[in-house]
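*Asks:* I'll drop the sequence and a predicted model, then ask my questions.
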Amino acid sequence: MKSIVAFLVLTLSLFAQAQDKDQKPVTLRSILLEQLRTTHNNKDWFVDANTAVSGITAEQASWKDSAGNHSVGQLANHLVFWNQRALAEFKGETPAKFSGNNDETFNAFDAKKWAATVQQLDQVMTDWEKAVEAADEKKLESAASTIAHVGTHNAYHIGQIVIIRKEQGSWDPEKGVK
């Protein structure tokens, strides 16, 4: 853990040196929030979650390719599950019971609840941002690796969502990926 914090501090100091003097200094909190926000609703280097699931119908969210890969809905459901679980742990709450079978986090998707899944994804990502904003420095330092992994995990599956939408023909390339 100390090596991760040391790496983040070194990275932060390099970023801080590169910033204009008029900008706020880079902090661990600002880096973690940037990671969370760019996978939530801030367009940056890649498509965010809100954009990735925007405008898709329940039928499109249920579509699977011929190879049997996960659907958009399954991926969104998986993200909701893991973001909620990690957030509960971060806040010191008891997460929902889990059998340990990761397949269940995908397969619990219900097309009838697609709109609710989209709303839950947006809400849990908003809740993550609020929790990081409110956390003290000690809490952020101890959870930095987990929060960074949450952002990376989100980005990975959001990329899959975009690829699936491109494959099914429901992706608008004007949203960020040609």
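*Replies:* Sure thing, it's come through.
*Asks:* Just give me the longest helix of this protein.
*Replies:* Of all the segments assigned as helix in the chain under DSSP state H, the longest by residue count is helix 137-168.
*Asks:* ok now it, how far from the chain's centre?
*Replies:* With Cα atoms, centre = their mean, to the nearest Å as the basis, the distance from the averaged C-alpha position of helix 137-168 to the chain average is 4 Å.
*Asks:* Okay, helices next: where are they in the protein?
*Replies:* Under the criterion DSSP H, the chain carries helices at the ranges 2-18, 28-40, 49-53, 58-62, 72-90, 103-107, 114-134, 137-168.
*Asks:* Check these for me: which has the lowest mean pLDDT.
*Replies:* Taking the mean pLDDT of each of these, the lowest value is held by helix 2-18, a mean of 51.
*Asks:* Apart from its neighbours in sequence, what residue is nearest residue 50?
*Replies:* In this structure, residue 50 finds its nearest non-sequential neighbour in residue 41, 4.4 Å apart by Cβ to Cβ, 6 or more residues apart in numbering. For glycine as for every other residue, the C-beta is placed from the backbone atoms N, C-alpha and C.
*Asks:* One more: residue 94?
*Replies:* The spatially closest residue to residue 94, leaving aside those adjacent along the chain, is residue 88, at 6.8 Å (Cβ to Cβ, 6+ apart).
*Asks:* Is the one you found in contact with residue 82, as I believe?
*Replies:* No. Using Cβ atoms under 8 Å, residue 88 makes no contact with residue 82, being 10.7 Å away.
*Asks:* And for the residue nearest to residue 38 when sequence neighbours are not counted, the neighbour number?
*Replies:* Nearest residue to residue 38, sequence neighbours excluded (Cβ to Cβ, 6+ apart): residue 44, at 4.2 Å. Neighbouring residues of residue 44 were enumerated by other Cβ atoms under 10 Å; the total is 12.
*Asks:* cool, the one 5 residues further on as well?
*Replies:* Residues within reach of residue 49, counting by other Cβ under 10 Å, total 25.
*Asks:* out of residue 88 and residue 82, which sits in the busier spot?
*Replies:* Comparing residue 88 with residue 82 by other Cβ under 10 Å, the one with more neighbours is residue 82, at 20 against 15.
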